[in-house]
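Undergrad: Take a look and give me a structure for this.
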Amino acid sequence: MTEPIRIGNASGFWGDRILAAADLVLHEPNIDFITLDFLAEVSMSIMAIQRERDTSSGYAHEFVDVVRSLVPHWKAGSTVRLVTNAGGLEPLECGKACAEAMAELGCPAKKIAIVDGDDILHVLTADPQRADFSNMDTGKSISQIASKMVTANAYLGAQGIADALDAEAQIVITGRVADPSLAVGPCVHHFGWKWDDYDCLAGATIAGHLIECGTQVCGGISTNWLEIPNVADIGFPIVEVEHDGSCIVTKPPPTGGLIDEQTVKEQLLYEIGDPENLLTPDVTVSMTSIAIEDLGHDRVKVDGAIGKRPSNSYKVSATYRNGFRAQGSLTIFGCQAVRKAQRAGEALLTKLSTSGIGFDQTLIECLGTGDAVPLKPRRVDTQANECVLRVAVLNSRREQVEQFSREFAALVTSGPQGTTGYSAGRPRVQPVFGFWPCLIDKKQISVDIQFITAGVAELEPNVAPQQYAAREANPSSERTFKSRRLRSRDSLFAANTLGRIAYARSGDKGQHANVGVLAYTDESYEFLDSWLTAEVVAHYFSNLGVTNVVRYDLKNLLAFNFLLYDVLDGGGSQSMRSDAQGKALGQAILDMPLPCSEDELTQYCNERDANG
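TA: The predicted structure is shown next:
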């Protein structure tokens, strides 16, 4: 039977730690693959701006630095292979830059594969009247924004990656692919799965999903982050995938953070949509039979994912120019700070308006008063002694926004006493990009693979290769394992709130958001099943403009996933809010008051126990 494959992740977003990959290899020299995810929905637009300035740009230049950091390990005999979407809009240029860096540092010869074919801007703009290019959320025709489009990229699957690895590539650089596919490709290559081995592909997809956001599964942004050990040195994750697609999630023993049942469940629910039909280009995954087993020592087994045939379409992420924005912030300190901040923001916008400067959208936030997630109108008479005034504007004309940027600085001398914190200069004017999700038939996409040979072929390792020989996975024997039973957090949340009996994870999907809620106990789940309905959640978030809420149940995980439609004020760079990606909604829902006293809740749970 084929041995398990060990896949780590060393980048969860564009801007993550450059040295994470080298640290993984240092701590886990027998790791087989490292994946690196650089692309969010707006990333391609940023890369398009880069490419306008320099035609050889348009990719994540930081990946070249990652490659540089790994050269000493390759020279020492490491056989670790990389799979990344750092190529962005120009994967070939990214590959060339990596090859140049490797040659400069005398790296042993490596075969770099460039997987391309996701850029379909020419297809969408050539026939904008096609119905299948309509916006998946609104149904509007793409012809409305075709002339303003900047990027259009299909989420490719794992097949190009697997083919490149079959051709003995040591580094695979792609453009846009589905995030989990970065891990599915190595699994298909390693185990020789067929593309209709749906349950295996589903398991690998879940493994890829668990590690795609880097340190998140190791305790990053966990509900109970204050309990996570050594967050200053939080580790990056590894999945040990078996031939049947099941996996064990772990991390290097010396690193900080924590992998247990809770951190794994939190990441499982992150931005998933319908858990019965998690759509990827490789397989449609059902998560409703997944089982979690905490093995201790930062090792959690995950299995039971069920796979079905994928759809005949690729999802497309297109972006278009949609104006300009700027935001500025100042700290206001002293008595009646909130009233002062509100008045200062209003005075600024009034001054601009009387000068003939108007905006399509404006927003004043007094951060520190509940404005990051404004579940109800702000009370300006709050006794807060300080807050951060944040003012944001958006307009189709750049010169209007530039005028705001110039006037904002005047608050330093014309605003209230106690105004401080102005050190970053004038607010920066930034382009706004709209997000356009649509579909394209897979038959219209042609995946292309090119190869580059990089490094110095005749160079010999300068450290004995046996230092990188395979070894058995070390179950963190250096660290004393202390079981962390899932329980209510009496010390972290206010009395009689949802956070006492559940934990959560939230994130965006365009202008919508997923909010996953996970019960600590069976009794809590039964209580929430009857009370925490979609209607209750919709009412709770109604002040954010939510238009609909759908609840998905995962009894196997004691969890619910709520999909909140239109809750993010446009989402991404279009949103005026400080929480444009819905990352704070999980914390917000945990502050929801429970509909009974703590004594009544305890009695209810005891009665359910007694009745079986």
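Undergrad: hang on, Asp274 packs against Tyr552?
TA: Yes. If you go by CB atoms under 8 Å, Asp274 and Tyr552 touch, sitting 5.8 Å apart. Where you see a C-beta, it was placed from the backbone N, CA and C, and this is true even at glycine.
Undergrad: Looking at those two, which has the bigger crowd around it?
TA: Tyr552 (21 against 14; other CB atoms under 10 Å).
Undergrad: joint contacts of Asp274 and Tyr552?
TA: Common contacts of Asp274 and Tyr552 (CB atoms under 8 Å, 6 or more residues apart in numbering): Leu563.
Undergrad: Tell me where the model's unsure across the stretch 401-550 of the chain.
TA: Applying pLDDT under 70 to the stretch 401-550 of the chain flags residues 455-494.
Undergrad: all strands of it, in order?
TA: 419-420, 430-441, 448-454, 502-509, 512-519, 548-554 (DSSP state E, counting those that start in this stretch).
Undergrad: okay if I get these as a markdown table plus distance to Ala538?
TA: Listed next are the strands of the stretch 401-550 of the chain as a markdown table, based on distance: least, CB to CB, whole Å:
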| stretch | distance to Ala538 |
| --- | --- |
| strand 419-420 | 39 |
| strand 430-441 | 23 |
| strand 448-454 | 45 |
| strand 502-509 | 15 |
| strand 512-519 | 11 |
| strand 548-554 | 4 |
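Undergrad: Tell me which of those approaches Leu295 most closely.
TA: For these, proximity to Leu295 was assessed by CB to CB; strand 512-519 is nearest, at 19.4 Å.
Undergrad: Restricting to C-alpha, output the closest one in PDB.
TA: In PDB, the C-alpha atoms belonging to strand 512-519 read as follows (Å, rounded to 0.1, in the frame of the first residue of the first chain):
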ATOM      1  CA  HIS A 512     -22.200  37.600   1.200                       C
ATOM      2  CA  ALA A 513     -20.800  36.000   4.300                       C
ATOM      3  CA  ASN A 514     -20.600  32.600   6.000                       C
ATOM      4  CA  VAL A 515     -21.000  32.400   9.700                       C
ATOM      5  CA  GLY A 516     -20.300  29.000  11.200                       C
ATOM      6  CA  VAL A 517     -21.600  28.300  14.700                       C
ATOM      7  CA  LEU A 518     -20.400  25.100  16.600                       C
ATOM      8  CA  ALA A 519     -21.900  23.900  19.800                       C
END
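Undergrad: what helices or strands is it leaning on?
TA: helix 261-268, strand 502-509, helix 522-531, strand 559-565, helix 585-590 (3 or more CB pairs under 8 Å, 6 or more residues apart in numbering; DSSP states H and E).
Undergrad: I'd like to know which of the strands of the stretch 401-550 of the chain is closest to Ala202.
TA: strand 548-554 (15.0 Å).
Undergrad: The closest one to helix 261-268, inter-axis angle?
TA: 140 degrees (axes from the mean of the first three to the mean of the last three CA atoms, to 10 degrees).
Undergrad: For strand 548-554, which strands pair with it and how are they oriented?
TA: Paired neighbours of strand 548-554 in the sheet (DSSP bridges): strand 559-565 (antiparallel).
Undergrad: The strand it pairs with - what's its average pLDDT?
TA: For strand 559-565, mean pLDDT is 97.
Undergrad: So for Ser311, which of the strands of the stretch 401-550 of the chain sits nearest?
TA: The nearest among these, by CB to CB, is strand 430-441 at 8.3 Å.
Undergrad: That closest one pairs with which strands?
TA: In the sheet, strand 430-441 lines up with strand 313-333 (antiparallel) (DSSP bridges).
Undergrad: The strand it pairs with - what's its average pLDDT?
TA: The model assigns strand 313-333 a mean pLDDT of 95.
Undergrad: Pull the distance from that strand to the chain's centre.
TA: A distance of 16 Å separates the centroid of the chain from that of strand 313-333, by CA atoms, centre = their mean, to the nearest Å.
Undergrad: Kindly report the same for stretch 589-597.
TA: Offset of stretch 589-597 from its chain centre (CA atoms, centre = their mean): 28 Å.
Undergrad: same thing with stretch 366-386?
TA: Put simply, stretch 366-386 sits 28 Å off its chain's centre (CA atoms, centre = their mean).
Undergrad: repeat for stretch 12-24
TA: 14 Å.
Undergrad: Need the distance between the two termini of that stretch.
TA: The separation between the terminal residues of stretch 12-24, taken as CA to CA, to the nearest Å, is 14 Å.
Undergrad: In contact with the nearest residue in space to Tyr422 that is not next to it in sequence, which residues?
TA: Nearest residue to Tyr422, sequence neighbours excluded (CB to CB, 6 or more residues apart in numbering): Val412, at 4.9 Å. By CB under 8 Å, 6+ apart, Val412 lies in contact with 330, 419, 422.
Undergrad: Report how many residues lie close to the second one.
TA: When neighbours are counted by other CB under 10 Å, Thr419 registers 21.
Undergrad: how close does it get to Ser355?
TA: 22 Å (CB to CB, to the nearest Å).
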